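**Q** Using only what follows, build the 3D model:
(chains A and B)
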Protein chains: 2
Amino acid sequence: MSATFEILDKDAGGRIGKLKTPHGTVETPTVMPVINPNIQLISPKEMRSFGAEILITNSYIIYRKEELRSVALQKGLHGLLGFDGPIMTDSGSFQLSVYGSVEVTNEEILGFQQKIGSDIIVPLDIPTPPDVHYRRAEDELAVTAERLEAARKFIKGEQLLAGPVQGSTYPELREKAASHLKGLNFEVYPLGAVVPLMESYRYAELVDVIAASKRGLSPASPVHLFGAGHPMMFALAVALGCDLFDSAAYALYAKDDRYITVNGTYHVEKLNYLPCSCPICSKYTAEELKKADNKEELLGRHNLYATFAEIRLIKQCIKDGKLLELVEQRCRAHPRLLDGLKKLYTHSPWLEQLDPATKGTYFYCGPESASRPEVLRFAKRLERFSLEGSVLIRTGQIKGEGSYDQILTFKAPFGAFPREMEEVYPFSAEVSKYPDYEALSTALSNTLKLMDLNPKAEYTFICEKEFKHPLIEEISKKAKLVYREAWKKE
Amino acid sequence: MSATFEILDKDAGGRIGKLKTPHGTVETPTVMPVINPNIQLISPKEMRSFGAEILITNSYIIYRKEELRSVALQKGLHGLLGFDGPIMTDSGSFQLSVYGSVEVTNEEILGFQQKIGSDIIVPLDIPTPPDVHYRRAEDELAVTAERLEAARKFIKGEQLLAGPVQGSTYPELREKAASHLKGLNFEVYPLGAVVPLMESYRYAELVDVIAASKRGLSPASPVHLFGAGHPMMFALAVALGCDLFDSAAYALYAKDDRYITVNGTYHVEKLNYLPCSCPICSKYTAEELKKADNKEELLGRHNLYATFAEIRLIKQCIKDGKLLELVEQRCRAHPRLLDGLKKLYTHSPWLEQLDPATKGTYFYCGPESASRPEVLRFAKRLERFSLEGSVLIRTGQIKGEGSYDQILTFKAPFGAFPREMEEVYPFSAEVSKYPDYEALSTALSNTLKLMDLNPKAEYTFICEKEFKHPLIEEISKKAKLVYREAWKKE
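**A** Modelled structure (predicted):
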């Protein structure tokens, strides 16, 4: 799709990519620390020491303030900020969403970003908030589309151009907008106006918005979840295919005495301990931090360390094919995130197309794991197994099984598969000894489906006493059902 | 119970405590880094910078090696190690379990520990491994009991004496042993010979061993899970009431190129990124770490940082009444830990007695959350609610509810409770919008029980379409069942 973005590794909808910009290549997923051109808690050039590879700042603020504007025009954006790596610039759309109007046109701000040497230029789109009337979302989308088309004609050089996807909380509008923009070949696709969803913990809706936008876009394009900066939801967003985040949170939260962790945010006054291993939290006690003269700066540093550690963990999980395990763990931090996880797997048929055919050992993490792409893929391929004669289905090797024509292993949440495949992905899965109801539901219905596909075989199903599920009765109609305990006595 | 241990805060079976020793007071839960008297990857005096408050070393190794022994006898244990804080000493029991015999008697090694000024002295007990014949476990327990009685008579001063609980994988033996030792008033109770269970990920059995031992002991006594040093299981063990851990892992793993995280262990060669925020992982890249001349030391430092960050997080969670939320998250790191979590909640009736009556907001994390102590407690108190007349049960406010005599709120996994209590703990719970089967099972059976306790009232149950559960049919036999969608249309 885009020569500027190369995908190196994949897991679920997530990927490790390389994004080429005029000021260097960035490895994604990553977070862009937001640099306020007026006040800097931590200097841009120091950002690399936390793991930042690219920054983001606001061209509208620079444009509007004479001291900043003249320096930017003279020395360039990189000279102004004192950072020689890639810098993305926002356009004033945020100010538009807050104040209702801005004193600049789309063309003016595009030209300004181009002139000061931004690496990723953002047009002046309309960030339609959640829950507006459908008509308003549609109308604003039309204005955004016009401006983006104008921008695409205008920006044609080495600099990257972002094409923000809007559409409020209407997945169909998001998908339509994304499909339209796909044809215009932007280098980066921000998903816009999602901050209100995150602020009110509406993660299930956020998942739908991201999934809809991604469906409209080419899977080869880099996607920026605009305004997402809290590490608690990075894994979930990456699993859906987001590649770039931006964090003003590290500084805004610090100003507000808030301490970021992957499990949520603490007010520093409520901390008795510093539950983190970063250089700040390993050096100071909670009491020392609370009393420090440079408390805000220390909190900002901690927030950045916590943010980038999560990015590295996510990337390692993609390499290991364990991203969904991380997502399922992180989404236990808040029940609204758990709702987001449950929503994520309603998109499993789509994720399954993106997910690698083989990867790290599947670890069962909870009922949601029964809806993971690899479980779905197994269900879709049941017709590949052909069964004849006497078929024994059991959870593990049992005495006297040699007399059966075929032997299947039953493992929730998958179902029954030839025992020869026990060590093969995904059947090598590590699962709980005590399967949840949902895991049994999937495994037993897959088993019933397999039996229906092979009606001539004669089945014996060795059942564990822990398996309590109404589908066991269905199984007993199609197979000789023996409890393992009883089998031993035979 | 013991004047040396004071409990400051509690959550589930976990607690924050203060353990007084001759060389100072230690806040628990904590980990004691194991100091090898022969080789030190990281010096004892540096251990404080990672968060260590107490160390553990092996008195038998010191006793057997002339150079060490003479220095220890002359300068004391603290002089030998160059650490002026509390130090616990092991007795040679570990060597006994590995080599089958040791060249020292119980009295000799007790006397030696006393002489060199150990803060916590351990007798030469018999560490019976898992899975031995019951008879052997019993016989060895008798020898251990004799030696501990002798030790208790022998050690009477300021120094603390540990009374290890043995009993192999027989919970009844563990409980019996613990009850016996309780009467002898040891200052610390190590749970012995659990390392093989942890090495083979037998967390469900470990949970039973800990719970059985704890039942036998006084809840006021500090408990040391001997040999437990991997942070992935600290939260689970703390929730069961373990106060002390010891980590040789930080150094042994480092020697073996292994990198510890709360989600498990990585071989450093397989790391593409350093998924941690500690001073080592924030300074080095994975490639730099792999090639570093002092790789072993750097890994040891990372391992210690990761270990103590988890301890601080656990303590903060106890303060916030959120320990079980952390446990439920951590136990998703491996399906065997998930089995341990499921086993933990089979002990909920016991945990419920220890758990504070009110604490931080309950967060639903998954099906296991339906078996948490507070949910159980609610079920036990259903008879406190007396219902009469027309009773409406709904998940949230609906039109026209004013005409009912009493209004109850239904929230899984709890059940139905007076709507006036919506903001009161535990009903202020944050739960998933899409309840799991297990959460509905508990909530619906509690609701049925409440109806049975108040048979004269007339019930209307407003059901959500997402609620798919066989007990809905039972509800419909005792209540007018209306789906929320249908209600709106009425």
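
**Q** does A:Lys343 really touch A:Val209, like I thought?
**A** No: between A:Lys343 and A:Val209 there is no contact, the gap being 10.5 Å when judged by CB atoms under 8 Å. (Glycine included, C-beta is placed from N, CA and C.)

**Q** And these two? Which one has more around it.
**A** When neighbours are counted by other CB atoms under 10 Å in any protein chain shown, A:Lys343 and A:Val209 differ, and A:Val209 comes out ahead with 27 against 19.

**Q** For the stretch 351-490 of chain A, just list every one of the helices.
**A** Across the stretch 351-490 of chain A, reading from the start of the chain, the helices by DSSP state H, counting those that start in this stretch fall at A:373-380, A:437-453, A:471-478, A:484-489.

**Q** Indicate which one of the ones you listed is closest to A:Cys365.
**A** Proximity of the helices of the stretch 351-490 of chain A to A:Cys365 was assessed by CB to CB; the nearest stretch is helix A:437-453, lying at 10.6 Å.

**Q** I'd like the average pLDDT over the closest one.
**A** The average of the pLDDT scores along helix A:437-453 is 97.

**Q** from the middle of its chain, how far away would that helix be?
**A** Taking the mean C-alpha point of helix A:437-453 and that of its whole chain, the gap between them comes to 29 Å (CA atoms, centre = their mean, to the nearest Å).

**Q** now that helix and helix B:437-453, what's the angle there?
**A** Taking axes from the mean of the first three to the mean of the last three CA atoms, to 10 degrees, one finds that helix A:437-453 is oriented at 110 degrees with respect to helix B:437-453.

**Q** Now do the buried residues in helix A:437-453.
**A** Residues of helix A:437-453 classed as buried by neighbour count (16 or more other CB atoms under 10 Å in any protein chain shown): A:437-448, A:450-451.

**Q** what does stretch A:82-92 give?
**A** Buried, per 16+ other CB under 10 Å, within stretch A:82-92: A:83, A:85-92.

**Q** Please apply the same query to stretch A:23-42.
**A** Neighbour-count burial for stretch A:23-42, with 16+ other CB under 10 Å as criterion, is recorded at A:23, A:26-35, A:37, A:41-42.

**Q** For B:Arg332, see how far away A:Ala439 is.
**A** Spatial separation of A:Ala439 from B:Arg332 under the definition CB to CB, to the nearest Å is 14 Å.

**Q** now do A:Tyr134
**A** Applying CB to CB, one obtains 39 Å for the distance of A:Tyr134 from B:Arg332.

**Q** just the strands in the stretch 51-200 of chain A please.
**A** When secondary structure is read from DSSP state E, counting those that start in this stretch, the stretch 51-200 of chain A shows strands at A:55-58, A:87-90, A:120-121, A:160-161, A:189-191.

**Q** Chain B: which of those is closest?
**A** Shortest distance between chain B and the strands of the stretch 51-200 of chain A, using CB to the nearest CB, is found for strand A:55-58: 18.3 Å.

**Q** Off-centre distance for the closest one?
**A** Here the centre of strand A:55-58 is set off from its chain's centre by 22 Å, with CA atoms, centre = their mean.

**Q** same thing with stretch A:281-294?
**A** The chain centroid and the centroid of stretch A:281-294 are separated by 33 Å under CA atoms, centre = their mean.

**Q** likewise stretch A:428-436?
**A** How far stretch A:428-436 lies from its chain's middle: 25 Å, per CA atoms, centre = their mean.

**Q** which other residues reach that stretch?
**A** Counting contacts by CB atoms under 8 Å, 6 or more residues apart in numbering or on different chains, the residues outside stretch A:428-436 that touch it are A:361-364, A:366-367, A:370, A:411-414, A:422, A:439, A:443, A:466-467, B:204, B:334-336, B:338-339, B:342, B:367, B:436-438.

**Q** can you rerun that using 7 Å?
**A** The contact list for stretch A:428-436 (CB atoms under 7 Å, 6 or more residues apart in numbering or on different chains) reads A:361-364, A:366-367, A:411-412, A:414, A:466, B:334-335, B:338-339, B:342, B:367.

**Q** Buried only: go through the residues you listed for me.
**A** Of the members of these, the ones counted as buried by neighbours, 16+ other CB under 10 Å, are A:362-364, A:366-367, A:411-412, A:414, B:334-335, B:338-339, B:342, B:367.

**Q** Save those as a markdown table, and put in distance to A:Arg64 and pLDDT too.
**A** Listed next are the buried ones among the contacts of stretch A:428-436 as a markdown table, based on distance: CB to CB, whole Å; pLDDT from 0 to 100:
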| residue | distance to A:Arg64 | pLDDT |
| --- | --- | --- |
| A:Tyr362 | 53 | 97 |
| A:Phe363 | 51 | 97 |
| A:Tyr364 | 54 | 98 |
| A:Gly366 | 50 | 97 |
| A:Pro367 | 51 | 97 |
| A:Lys411 | 62 | 97 |
| A:Ala412 | 60 | 97 |
| A:Phe414 | 59 | 98 |
| B:His334 | 53 | 97 |
| B:Pro335 | 56 | 98 |
| B:Leu338 | 54 | 98 |
| B:Asp339 | 60 | 98 |
| B:Lys342 | 59 | 97 |
| B:Pro367 | 54 | 97 |
